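A.B. asks: structure of the sequence below:
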Amino acid sequence: MNISSRTSPQPEGHDGRRRTAGDSNIGKRVSDIGLEIAEITGVVDDLVKLGTEQIARLRAVVAAARVTEGSNAELEASMNEAGETAQTARAVLSESAKIIAETLSRTTHKMESLANGVFSTTSSIDRVRETIEKVQKNSAAIQAIAFETRLIALNAGVEAARAGAAGHGFAVISNAIRSLSDQVATISNQNHENLGELGALLQGLTDRTHDNVATARSAIADSSNAAGTTQRLQSLVSSVEDLTARIDAMTRPVRQNIESGLSVRDNLKGLVQIVKESEVNLARARDRTQNILGIGEDFMAYVTESGIETPDTAVVELAMEGAQAVCDLFERALKSGEIGLSDLFDETYRPIPGTDPQQVLTRFTEFTDRHLPAIQEPMLKRNPRIVFCAAIDRNGYLPTHNKIYSQPQGDDPVWNAANCRNRRIFDDRTGLSAGRNTRKFLLQTYRRDMGNRQFVLMKDASAPVKVAGRHWGGFRIGFKA
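C.D. replies: Next comes the predicted model:
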């Protein structure tokens, strides 16, 4: 087919049939159909990606629900264990408080009895000491009487001696009285000494009794404090009972959460299954739309090859012209030895560190950077619909792009995706099809990814680039739909 024949008033197709004016309307409608199919295909692709993303998120939610369920189960187990521990503590504390209270009550009663006994003993000792003091006074009086009696007996003896024989009987009585007085004095002295020792012993007993009284009073006070401790222990028992009740109250919502979580997880599983089925259906729809897109592209190619004028014919011609120019460039370079055949067909793509999106280099990148702009840049001005034009190898690698799309990369990957498109591999359906097409030309309709989920509906016209009898890649022209 000679596409340039469209310049004649009534172009002919490859079958020699003259084309009518209505053929241009057919060409436009075919072009519009291609756009619609590409738009539908893009939407289905978006739905497939969305479905995949939804499944991933739903699975993450299910996993989180399982973790939450496990956490709730652990919490319930811990709370049950805490409740049982609190119940046990409450029982032990209650029994202990009861035993302690009873023991303290008995001990306090005994301490009070002991204290009362000590107080009574102190009173008895005081009365004994008073009696001893009275006895000591009487003993002193006896000693005084004995002393006076001894003086009287002594005087009587002196008078009896003076009386001679007549006072002999009186002298005997005097001696007896003096002897009795001496005995009374001796006994009285011993009794006084004994009473003194007994008083000292009673004083020591009194002192110790006073100490015992102080100890008893302190013990009674301690018993009172212990009673307060018992009350606090009873209060602690009540607090533990409240804690047990609260734990029981908290366990119920946790159990409800577990049951609700199980229900949510089951619902999520069902939702995942539904989304998975939708994903399968969308995948089928995507495959069918891809097939329809391919049929539409073949139909557009057939219409174009048939000589029918379409809105895209001019751009298709430019794509074939550009491909031929690249073929001629490569052939001349091979003949001159500027580049070797193995270097030109190099497929070792070396990543450029720190680039996002990833950029790569080959052994022919430097060569294409020197020569391809002279072909590609002028062609941008040949048709106002052209957005870009560039040569790619059979793997979709685009070594040298238009200058406007060959900016140095920055820190923003989204900006880089739209403005730094050179030295990148475009192995999507459109890129690979353009690079691997061996027919005279290929006309595709696609959505161009500009980054950050921004797409532009475009068309792509490409023609194969062959060098030394080998298929190197293709020459692409992306143009406005």
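
A.B. asks: going forward, measure contacts between C-alpha atoms and count neighbours the same way
C.D. replies: Noted.

A.B. asks: please compute how far the lengthiest strand in the chain lies from its chain's middle.
C.D. replies: Ranked by residue count under DSSP state E, the longest strand found in the chain is strand 454-467. Relative to the centre of its chain, strand 454-467 is centred 49 Å away, using Cα atoms, centre = their mean, to the nearest Å.

A.B. asks: partners of that strand in the sheet?
C.D. replies: strand 442-451 (antiparallel), strand 470-480 (antiparallel) (DSSP bridges).

A.B. asks: closest to S406 out of these?
C.D. replies: For S406, the closest of the strands paired with strand 454-467 is strand 442-451, at 14.3 Å, according to Cα to Cα.

A.B. asks: and that closest one, average pLDDT?
C.D. replies: Taken as a whole, strand 442-451 has a mean pLDDT of 78.

A.B. asks: can you tell me the helix or strand for the residue nearest to N80 when sequence neighbours are not counted?
C.D. replies: Nearest non-adjacent residue to N80, counting by Cα to Cα, 6 or more residues apart in numbering: T251, 7.3 Å away. Per DSSP states H and E: T251 is located in helix 168-305.

A.B. asks: helices or strands up against the helix or strand following that helix?
C.D. replies: Remark: after helix 168-305, the chain's next helix or strand is helix 313-336, criterion DSSP H and E. Applying 3 or more Cα pairs under 8 Å, 6 or more residues apart in numbering; DSSP states H and E, one finds that helix 313-336 makes contact with helix 373-379, strand 386-393, strand 454-467, strand 470-480.

A.B. asks: off-centre distance for helix 313-336?
C.D. replies: In this view, helix 313-336 has its centroid 60 Å away from the chain centroid, taken as Cα atoms, centre = their mean.

A.B. asks: how far away from the center of its chain is the helix or strand following it?
C.D. replies: Next helix or strand after helix 313-336 toward the C-terminus (DSSP H and E): helix 341-344. Put simply, helix 341-344 sits 55 Å off its chain's centre (Cα atoms, centre = their mean).

A.B. asks: outside of the helix or strand following helix 341-344, which residues touch it?
C.D. replies: Next in sequence after helix 341-344, counting helices and strands by DSSP H and E, comes strand 350-351. The list of residues contacting strand 350-351 from outside it, by Cα atoms under 8 Å, 6 or more residues apart in numbering, reads Q358, Q359, V360, L361, T362.

A.B. asks: what's the answer for stretch 414-430, then?
C.D. replies: With contact meaning Cα under 8 Å, 6+ apart, stretch 414-430 is reached by 356-361, 365, 395-402, 404-410, 432, 444, 446, 450-452, 460.

A.B. asks: could you rerun that using 7 Å?
C.D. replies: Under the contact criterion Cα atoms under 7 Å, 6 or more residues apart in numbering, stretch 414-430 has outside partners 357-361, 395-401, 405-410, 450-452.

A.B. asks: domain map for the chain?
C.D. replies: Following automatic domain parsing, one finds the domains of the chain at 71-267, 309-481.

A.B. asks: distance to A63 and mean neighbour count added to those, as a markdown table?
C.D. replies: Listed next are the domains of the chain as a markdown table, based on distance: least, Cα to Cα, whole Å; neighbours: other Cα atoms under 10 Å:
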| stretch | distance to A63 | mean neighbour count |
| --- | --- | --- |
| domain 71-267 | 9 | 16 |
| domain 309-481 | 28 | 19 |
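
A.B. asks: among those domains, which gets the worst mean confidence?
C.D. replies: Among the domains of the chain, domain 71-267 carries the lowest mean pLDDT, at a mean of 72.

A.B. asks: straight-line length of that one, end to end?
C.D. replies: One end of domain 71-267 to the other measures 19 Å (Cα to Cα, to the nearest Å).

A.B. asks: do the same with stretch 350-361
C.D. replies: Chord length of stretch 350-361, first to last residue, is 5 Å (Cα to Cα).

A.B. asks: same question, stretch 333-350
C.D. replies: Taking Cα to Cα, stretch 333-350 runs 23 Å from one end to the other.
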